[in-house]
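Participant: okay, here's the prediction I keep looking at, along with the sequence it came from:
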Amino acid sequence: MTVSDAAVRVAAIQMVSTPDVERNLADAEVLIAEAAGRGANLVALPEYFCFMGRSDREKVAIREREGHGPVQAFLAAQARRHGIYLAGGTLPLECPDPDRVYNTAFVYGPDGAALARYDKIHLFNFRRGAESYDEALSIRPGASPVGFDAAWGRVGLSTCYDLRFPELYRALGQVDLILVPAAFTYTTGQAHWEILLRARAIENQCYVLAPAQGGTHPNGRRTWGHAMLVDPWGTVQSVLPEGPGVIDGLLDPARIAEVRAALPALRHRVL
């Protein structure tokens, strides 16, 4: 397939984060540098990249205030150092409820300035046998879809469990790239991760970039991994099954236009 001159390289980082914030930031720094070294214009970190505690409530203790805190300072500095768009996975941000936080994704521009903030809307809840999760115990949901404009196109934001709700992506409007930083469980990821990512790419006729947590964490939780880049036809361009690392590939506006011209499903919407 011919790639146009307008194509840009994007990268997703996979991590196996720990309860040690400093260690996680150090690991992220190495992986961001690797992605930037490959020529990525946009680099995306996974959900909870900075902290995977031994219990859900531990994240409340390291919450930050918008515009202040070591994790936000780290992200801004990394974006500026490498001259990239940096989508900072998620971090715990203070909210009106003292016992909970927002699970917030910040995006920084090549100058290190914050471009967008998205608070995760849909909160994961799963119970089967001994496996149980309830994010609402420690997280307050966001309320609004968020996108931002990069120099090369429109980017829509979402986080992990949001992937199961296609109406969120319709509410974003027409975008060139969807970001899905995630920490999918091994159980749900094995069953649904790839098919949902490919479905979101196909129905929105855009690229989907999904950084992930992928391995067994100190808290005993096992995440599915499979950080992935999917093109507008639903073809998986790159994937990392497990363990820390970087996947990357080209986002080509000409490919988006080709798919939308051949199958103009977005223009055929009725409801």
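Facilitator: Looks like it arrived, so ask away.
Participant: I figured Gln237 hits Leu229, correct?
Facilitator: Yes: counting by C-beta atoms under 8 Å, Gln237 touches Leu229, with 4.4 Å between them. For the C-beta atoms, the positions are set from N, CA and C on the backbone; glycine is no exception.
Participant: what touches both of the two?
Facilitator: Here Gln237 and Leu229 share the contacting residues Gly249, scored by C-beta atoms under 8 Å, 6 or more residues apart in numbering.
Participant: who has more neighbours, these two?
Facilitator: Legend: neighbour count by other C-beta atoms under 10 Å for Gln237 and Leu229, higher for Leu229 (26 against 17).
Participant: and the helix or strand that contains the more buried one, which strands flank it?
Facilitator: Using DSSP states H and E, Leu229 sits within strand 227-230. Strand 227-230 has the following sheet partners, assigned by DSSP bridges: strand 207-210 (antiparallel), strand 236-240 (antiparallel).
Participant: so who does Ala19 touch?
Facilitator: No Ala there; residue 19 is Pro. Applying C-beta under 8 Å, 6+ apart, we find Pro19 in contact with Phe51, Met52, Gly53, Arg54, Glu58, Pro218, Asn219.
Participant: same check on Asp248?
Facilitator: By C-beta under 8 Å, 6+ apart, the contact set of Asp248 is Arg9, Val10, Ala11, Ala12, Ala35, Arg38, Ala40, Leu229, Ser238.
Participant: of the residues you listed, which is the most crowded?
Facilitator: In terms of neighbour count, Ala12 stands highest of those at 33 neighbours, by other C-beta under 10 Å.
Participant: what is that one paired to in the beta sheet?
Facilitator: Ala44, Ile247.
Participant: so Asp99 makes contact with Val60?
Facilitator: Yes: contact status for Asp99 versus Val60: in contact at 6.6 Å, counting by C-beta under 8 Å.
Participant: shared neighbours of those two, anything?
Facilitator: Residues touching both Asp99 and Val60 (C-beta under 8 Å, 6+ apart): Ser138.
Participant: could you check which of these two is surrounded by more residues?
Facilitator: Neighbour count, other C-beta under 10 Å: between Asp99 and Val60, Val60 has more, with 18 against 10.
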